[in-house]
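Peer 1: sequence first, predicted model second:
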Amino acid sequence: MLMTRDQIYEQVRDVLADALGADEDEITPTASLTADLRAESIDFLDIVFRLEKAFSTPDRPFKISPGELFPENLMENPEWVQSGRFTPAGLAMLKERMPHVDFAGFDADVNKVAALITVDAIAKFVERKLNAAA
Amino acid sequence: MRWMWIDRIIAFEPRRSLTAIKCVSLAESHLHDHFSADTDRPAAPVMPTSLIIEGMAQTAGILVGSVNRFREKVVLAKIVRAVLDQDVLPGQTIRYTALIDRLDGAGASTTGTVERLDHAKQDGRWDAIGAVDLLFSHVDRNLAGVTFPEANFVFSDNFRTLVESAGIPFDAPT
C-alpha cells in the first residue's frame, strides 16, 4: 500500500530528529538541514542509512544510490562550476538531478547549495522514489 | 604506535559481526587518575567511558575495515548512541560485540553491545552494561571532498598484529 504524503513526512521528521539530535519543533518543512538543523557532511550519510532502513520493506528494499540525494564531485567539473559559482549548464544539471529541491532564489553560489536541502526536499525525494518503485 | 583499547579478537563473522575483549588492569596508569584520591575519599579507579567507546570504535572499525581487507581508511565519523549503565573496574573484562547495520561505498553504520565479566563473582557470567552505535566514513570518498594521504594511517602496526593473530586477512600496506 502506498504511503500518504503526511505519513512520509512524519517518518522523515523522525529520521531527522534521530540523526541530527534536533527537537521536533525545529523540524519544519522549510528548515534547511545544514543552515537550520546544523547538519554536517557526515550527517548526510547517517540520514541516507536511516532513510533506507525506515522506508525498506521485506519485498521492496529502499536503496539510495551515491549522488542520488545530492550530486557528488560537483567542483571537479569546470563545465558545471567556475570561480565558485554554477554555470548555466551546472544549474540545469542540478535542477534535473535534484527535482526534490526548490531552487527559487538560489544565486548559484556553490557554498550555498547544501543549504537548499530542506526537510520538505527530503520528504519529496522519498515520495518520488516510492512512487517510482510502485 | 596506536593506543589499543582491545586485547584480542575472539569471534569474527565476515561482513556481519566481530567480538573483542579488553582486560582492564590497574597497571594502566590513566586509571590512577580516574579517579584519584582526594581529601574526602579514596582513589576509585574506573575505566573511562570515553575509552570504552573507543574500544567499541576499534572493534567495529576492524569489522568494517575487514570487508575490503583493510584497504579503505575507515574513520569513526559519529557516535550515534552511547549508553553505559555500569562501571568497569580493574580486574574485570569487557566484551565488545559489533554488528554491521548498513554498509556502502561511503561508509558504514554499526550497532554494538558492551558486556562485563566480573572474575570475583566466579560465575562466568557476562552482564550487559551498555550499547554503542557508531557511524564510520570511508574517508577517501567523503562527501566534503577533502583529500587524505595515500598511506593507510588507520590500520597500521598494532592493528595489523591484532587482526592477523585472529586469522583475518589483512592486505593494506602499512
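Peer 2: Nice, thanks for sending it over. Numbers count the residues shown, from 1 in each chain, chains lettered A, B, ... in the order given.
Peer 1: only C-alpha atoms from now on, for both contacts and neighbour counts.
Peer 2: Will do.
Peer 1: near chain A at all, the biggest helix by length in chain B?
Peer 2: In chain B, taking DSSP state H as the definition, the longest helix is helix B:49-67. No - on the criterion C-alpha under 8 Å from any C-alpha of the partner chain, helix B:49-67 is out of touch with chain A, staying 15.1 Å away.
Peer 1: can you count the residues close to residue 132?
Peer 2: Went with chain A since none was named. Residue A:132: 8 surrounding residues under other C-alpha atoms under 10 Å in any protein chain shown.
Peer 1: wait, I meant chain B there
Peer 2: 25.
Peer 1: not counting sequence-adjacent ones, nearest residue to residue A:118?
Peer 2: residue A:32 (4.2 Å; C-alpha to C-alpha, 6 or more residues apart in numbering or on different chains).
Peer 1: residue 19 is in what secondary structure piece?
Peer 2: This is for chain A. Secondary structure assignment for residue A:19, by DSSP states H and E: helix A:5-20.
Peer 1: try chain B instead
Peer 2: strand B:17-23.
Peer 1: what does that strand contact?
Peer 2: B:5-12, B:55, B:59-60, B:63, B:91-100 (C-alpha atoms under 8 Å, 6 or more residues apart in numbering or on different chains).
Peer 1: quick one: buried ones out of those residues?
Peer 2: Among the contacts of strand B:17-23, those buried by neighbour count (16 or more other C-alpha atoms under 10 Å in any protein chain shown) are B:5-6, B:8-9, B:12, B:55, B:59-60, B:63, B:92-100.
Peer 1: spell out which residues of chain A are next to chain B.
Peer 2: Taking C-alpha under 8 Å from any C-alpha as the contact definition, chain A meets chain B at A:19, A:41-42, A:45-46, A:49, A:66, A:72-73.
Peer 1: tell me which of those is nearest to residue B:84?
Peer 2: Residue B:84 has its nearest neighbour among the residues of chain A next to chain B in residue A:19, at 20.0 Å by C-alpha to C-alpha.
Peer 1: ok so, going back, mind listing what the helix or strand following the longest helix of chain B pairs with, with the direction of each?
Peer 2: Using DSSP H and E, the helix or strand that follows helix B:49-67 towards the C-terminus is strand B:74-84. Take DSSP bridges as the rule and strand B:74-84 pairs in its sheet with strand B:126-138 (antiparallel).
Peer 1: any idea of the mean pLDDT for the strand it pairs with?
Peer 2: Strand B:126-138 carries an average pLDDT of 96.
Peer 1: mind saving the C-alpha coords of it as PDB?
Peer 2: C-alpha atoms of strand B:126-138 as PDB (Å, rounded to 0.1, in the frame of the first residue of the first chain):
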ATOM      1  CA  TRP B 126      28.800 -11.700  31.200                       C
ATOM      2  CA  ASP B 127      26.500  -8.900  32.200                       C
ATOM      3  CA  ALA B 128      25.200  -6.400  29.500                       C
ATOM      4  CA  ILE B 129      26.300  -3.000  30.700                       C
ATOM      5  CA  GLY B 130      25.600  -0.800  27.600                       C
ATOM      6  CA  ALA B 131      25.300  -0.200  23.900                       C
ATOM      7  CA  VAL B 132      27.400   1.900  21.500                       C
ATOM      8  CA  ASP B 133      26.200   2.500  17.900                       C
ATOM      9  CA  LEU B 134      28.600   4.200  15.500                       C
ATOM     10  CA  LEU B 135      28.900   5.600  12.000                       C
ATOM     11  CA  PHE B 136      32.100   5.200  10.000                       C
ATOM     12  CA  SER B 137      33.200   7.000   6.900                       C
ATOM     13  CA  HIS B 138      35.500   5.700   4.200                       C
END
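Peer 1: okay, the angle between it and helix B:49-67?
Peer 2: Orientation check (axes from the mean of the first three to the mean of the last three C-alpha atoms, to 10 degrees): strand B:126-138 against helix B:49-67 gives 60 degrees.
Peer 1: list the contacts of residue 24.
Peer 2: The chain I'm using is chain A. Each residue near residue A:24 by C-alpha under 8 Å, 6+ apart is listed here: A:13-14, A:17.
Peer 1: wait, chain B was what I had in mind.
Peer 2: Each residue near residue B:24 by C-alpha under 8 Å, 6+ apart is listed here: B:47, B:88-94.
Peer 1: among the residues you listed, which ones are in helices?
Peer 2: Per DSSP H, those never map to helices.
Peer 1: if anything else comes up later, I'll come back, but that's it for now.
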